[in-house]
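**Student:** this one's structure only:
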């Protein structure tokens, strides 16, 4: 078969094929749930058929010859339709590389008696992990000459080279790289497939020996490797490790302790498991190293268990189970997280149904919910009361201070709190719109904290602040990202608001552009605009810096980020019912995005023929819903790993990671949600006969989050509904699908391959906007 073609794939449609929403249809596997254990909502009865003409594209094993052949045809078609863009793709790729310092390093951060950091090298696809011993005064000075052979710090030791691990592999993702408490060993976990299933390894940094951990449950199979979700936690010393495993639907749910990882036949102890499909488990160690936490949470409810690490050497299963205790049993729609500091739990929670998280404390004991008390300022008022004014995202405790990350006025913020004086300072910056957060801070007994800062026009920098005076003291810039050729004075950014169709909601938008492009707008000319959005899970699209945006900006495009409801930019109220964008108000996400697009047109900034849009994952759902709602409003749409088959996916609890999503979108098996979800699910709302924008859809064959068949089905549905809108060869509105056969949800792990894939995305975008010379 040819590697490229301009003949559209025409996959078969099974017109009578349906999936059934509601009670279990005849022949349904009774072990697969139709709704959550907690739900009291009635199921549709009798079950309701949902058309699924391309449902045959689902292949859980990724081995069906017909489906693999179809994906190959789709890739060949995309290759053929874009073959004239090869020079532009190469040009964009060169621009990406030209804006990146390929041989570089990350900020060295203290851990024990070493400085830890990573390095990258020109021509090498992956990072190299390094460390260097601390000097007597505990400081360091980088005197690097910029070459690959010169060390960053004196005594540099490369203890893990991911480039070596990746030899012969089409995909290589490494996570949880953690030195042991004694710094003799380093743990790391590797995924060679892209399905986010990891095997943990431990390397002896003195001898170089690497041990891949075995699965102790598969006796008699000495070569069976342990499979985890990627997590790895050292105990109080090198003798004990902890890790989490996934259930058959890829949900992290079990926490194990292994105390003899160096033995040929390890014996594991199951410490805790979460059997409710709505809940996802996570494990972490307290900042002071005294406790292990097991957090299990749905999108709406959470529960935290703890284990004193000084008791971890006891390997008796029943005894170990009894020593894991619960801080506060789960209560419906009560979220909380926990840390430990100086014989106190630090709790951030929405208990009492507050719009945002409160910051509280209590004695470090089990079943202590009734003892939670607000953390107060010097005026005896709660520093975070859960109101609309400001929100909490994370809390990091230190010996004498506490750092809180959150949001205020829609902007990321960092506050420093001194428990003894009860004084709290918000860390201030000159630029009004920016992105800020804590950098890697491993120590507990510290007097400084590292933060990362950037904005739409300011490249990232890591600076160190004195905890005692974060605004008045000296700010030491530890490292600023080098962007070769970048001239900041040529660019500018704005923060504006757009009135939603409801007449009351002000939608924040961030714009970044070359100044000469905005001058054209101010003189009455309309220019190309690229609109980006996400709007789900309470996650935020930050006003941050991106070198890969520069090729778009330098071609006269204004880049706009729509901070739409469903995200968390304005606090949890921006996400939650009744006025956010969740459950039965989810359509607000799509309405906001379209309202922003219409505003940009109505104000004369752009025209529909010059307007493009983009979103990934749940952001792909956003784009699918937006182009269904207003197909005439956009010239081109990029849908990355898009969640577009909402109803058919959410009906079926056998699809990995689906059941936990019922508390995000609702459950279409239930009467309460079915019709509402049918009204926005992109797959079920493609308009026949309408002219749609050109579409570029991507997916990964091994994606466990959004299965490859979702973009494949949507591409087929768009083409079938609009056969005259996309012809062969020189089509003016092509629908292109590009499936990476060796990747998962997060695209290529190889940094160079990632940039090559992005150059294909942007070349298509520029071509469809008419910006290719």
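**Tutor:** Here it is on my side, so go on. Not measured: the values here are computed from a predicted model. Numbering: from 1, shown residues only.
**Student:** and the strands in the stretch 51-200 of the chain?
**Tutor:** Assigned by DSSP state E, counting those that start in this stretch, the strands in the stretch 51-200 of the chain fall at 104-105, 109-111, 114-120, 128-133, 157-161, 173-179, 185-191, 199-204.
**Student:** the fourth one: which residues count as buried?
**Tutor:** Buried positions in strand 128-133, judged by neighbour count with 16 or more other Cβ atoms under 10 Å: 128-132. To be clear about C-beta, it is placed using only N, CA and C from the backbone, and glycine gets the same treatment.
**Student:** can I get the residues you listed in TSV with distance to residue 23?
**Tutor:** Below are these laid out as TSV (distance: Cβ to Cβ, whole Å):
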residue	distance to residue 23
128	55
129	52
130	58
131	58
132	63
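**Student:** hmm, back to that, which one of the strands of the stretch 51-200 of the chain lies nearest to residue 211?
**Tutor:** Residue 211 lies closest to strand 199-204 among these, at 5.1 Å (Cβ to Cβ).
**Student:** just checking: what are the partner strands of the closest one?
**Tutor:** Sheet pairing of strand 199-204 (DSSP bridges) gives strand 185-191 (antiparallel), strand 210-212 (antiparallel).
**Student:** for those, which one sits closest to residue 553?
**Tutor:** Of the strands paired with strand 199-204, the one closest to residue 553 (Cβ to Cβ) turns out to be strand 185-191, at 33.9 Å.
**Student:** centre of the chain versus the closest one, how much separation?
**Tutor:** Using Cα atoms, centre = their mean, to the nearest Å, the distance from the centre of strand 185-191 to the centre of the chain it belongs to is 21 Å.
**Student:** let me know the average pLDDT across it.
**Tutor:** Per-residue pLDDT over strand 185-191 has a mean of 98.
**Student:** and the average pLDDT for stretch 302-318 is what?
**Tutor:** Rounded mean pLDDT across stretch 302-318 is 71.
**Student:** lowest-pLDDT helix or strand in the chain?
**Tutor:** helix 317-323 (a mean of 48; mean pLDDT, DSSP states H and E).
**Student:** residue 741: how many residues sit nearby?
**Tutor:** 16 (other Cβ atoms under 10 Å).
**Student:** same question, the one 10 residues further on
**Tutor:** For residue 751, the count of nearby residues is 16 (other Cβ under 10 Å).
**Student:** any idea how far it lies from residue 477?
**Tutor:** The gap separating residue 751 from residue 477 is 25 Å, by Cβ to Cβ, to the nearest Å.
**Student:** repeat for residue 64
**Tutor:** Residue 64 is 54 Å from residue 477, by Cβ to Cβ.
**Student:** buried ones in stretch 493-501?
**Tutor:** 493, 495, 498, 500.
**Student:** what average pLDDT does that stretch get?
**Tutor:** pLDDT averaged over stretch 493-501 gives 97.
**Student:** ok now that stretch, how far from the chain's centre?
**Tutor:** Centroid displacement of stretch 493-501 relative to its chain, using Cα atoms, centre = their mean, is 25 Å.
**Student:** how about the strands in the stretch 551-700 of the chain?
**Tutor:** 558-562, 611-616, 636-640, 694-700.
**Student:** to residue 158, which of the ones you listed lies closest?
**Tutor:** Short answer: strand 694-700, nearest of the strands of the stretch 551-700 of the chain by Cβ to Cβ, at 30.2 Å.
**Student:** elements contacting the closest one?
**Tutor:** Here strand 694-700 touches strand 636-640, helix 709-721, strand 735-740, helix 751-768, going by 3 or more Cβ pairs under 8 Å, 6 or more residues apart in numbering; DSSP states H and E.
**Student:** buried ones in the second one?
**Tutor:** Okay, so that is helix 709-721. Buried residues in helix 709-721 (16+ other Cβ under 10 Å): 709-719.
**Student:** do the same with stretch 587-602
**Tutor:** Within stretch 587-602, the residues that count as buried by 16+ other Cβ under 10 Å are 587-601.
**Student:** show me what the closest residue to residue 432 other than its chain neighbours is bridged to.
**Tutor:** Closest residue in space to residue 432, ignoring its immediate chain neighbours: residue 495 at 6.5 Å, by Cβ to Cβ, 6 or more residues apart in numbering. With DSSP bridges applied, residue 495 shows beta-bridge pairing to residue 510.
**Student:** touching, residue 495 and residue 508? I think so.
**Tutor:** Yes. Using Cβ atoms under 8 Å, residue 495 is in contact with residue 508, at 6.6 Å.
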